[in-house]
Structure formats: C-alpha cells, structure tokens
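*Asks:* sequence plus the predicted model coming up.
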Amino acid sequence: MRKHREVKFTTLIPTTRNDGRAVQPSVLTRLINSLWRPFGGMTNEGAVTGYWIDDDGTEFQDVCVKVSIECDRSRLQEAIKAVRQVGRKPGQRAMYVEVSGYDGVQILWVQ
C-alpha cells in the first residue's frame, strides 16, 4: 500500500479587485473552480475579511472566499502556481497562502 504525503493549502480569493471593483460572481466561480478541480476537491470555508498594508503604504481591506484544498506534497509547487494564476486574473498584487503539514504561511507576489 502506497503511503500518501498530503498537505493542505488554504488561500483567500478576493471578491474585489485592488481598485475596489467587484469581481463578477461568474468570474469568481470560474476562479475557484480552476483552483480546486485539478486537485479533485476543496472546502469552501466562506467569506472572511482581511486587511493588509503593501510595501508602498497602500492599505487594503478585502472580503475573500477562504478555500482549503488537500493535495499530495509532490504537487505543492503546482498548487502555488495555481494560486498565483488565480490572483493574476483579477489583478491582485499578492495572494495569501497557508500550507499545513509543510512550511506554513506565505505571501505570493503575483506580478
């Protein structure tokens, strides 16, 4: 029997762009689907509000969809690439990623 080495990654998918415009619900659904489908499942943990200050001093408040996905540890780089791609679509500067069972929280610069 093959032993799997699973990790869980959690990310926050913003419902608004950095300029404050809403991400259309159909676009948000496509982004979420593009993230979890390659890994075969996810948990949608619902809406959360996050705050952060960029290096240039710009303050952001984002309402996000919190998504958790489990995958084999060997696919972690694929997962990180997928999160960056999801962030690029609505023009995000950065995306939050937390990896359980590996190395913890990361901020992925998107651009």
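*Replies:* Alright, I've got the coordinates. Residues are numbered from 1 along each chain as shown.
*Asks:* number of residues surrounding residue 94?
*Replies:* 18 (other CB atoms under 10 Å). Every residue, glycine included, has its C-beta placed from N, CA and C.
*Asks:* touching, it and residue 87? I think so.
*Replies:* Yes. Using CB atoms under 8 Å, residue 94 makes contact with residue 87 at a distance of 7.2 Å.
*Asks:* what sits in contact with each of these two?
*Replies:* Shared contacts of residue 94 and residue 87, defined by CB atoms under 8 Å, 6 or more residues apart in numbering, comprise 108, 110.
*Asks:* residues touching residue 87, list them.
*Replies:* 94, 95, 108, 110.
*Asks:* quick one: it from residue 72, how far?
*Replies:* 23 Å (CB to CB, to the nearest Å).
*Asks:* ok, residue 6 next?
*Replies:* 6 Å.
*Asks:* also residue 109?
*Replies:* Relative to residue 72, and taking CB to CB, residue 109 is found at 25 Å.
*Asks:* against which helices or strands is the longest strand along the chain packed?
*Replies:* Determined from DSSP state E, the single longest strand within the chain is strand 59-72. With contacts taken as 3 or more CB pairs under 8 Å, 6 or more residues apart in numbering; DSSP states H and E, strand 59-72 sits against strand 6-14, helix 25-36, strand 43-53, helix 76-88.
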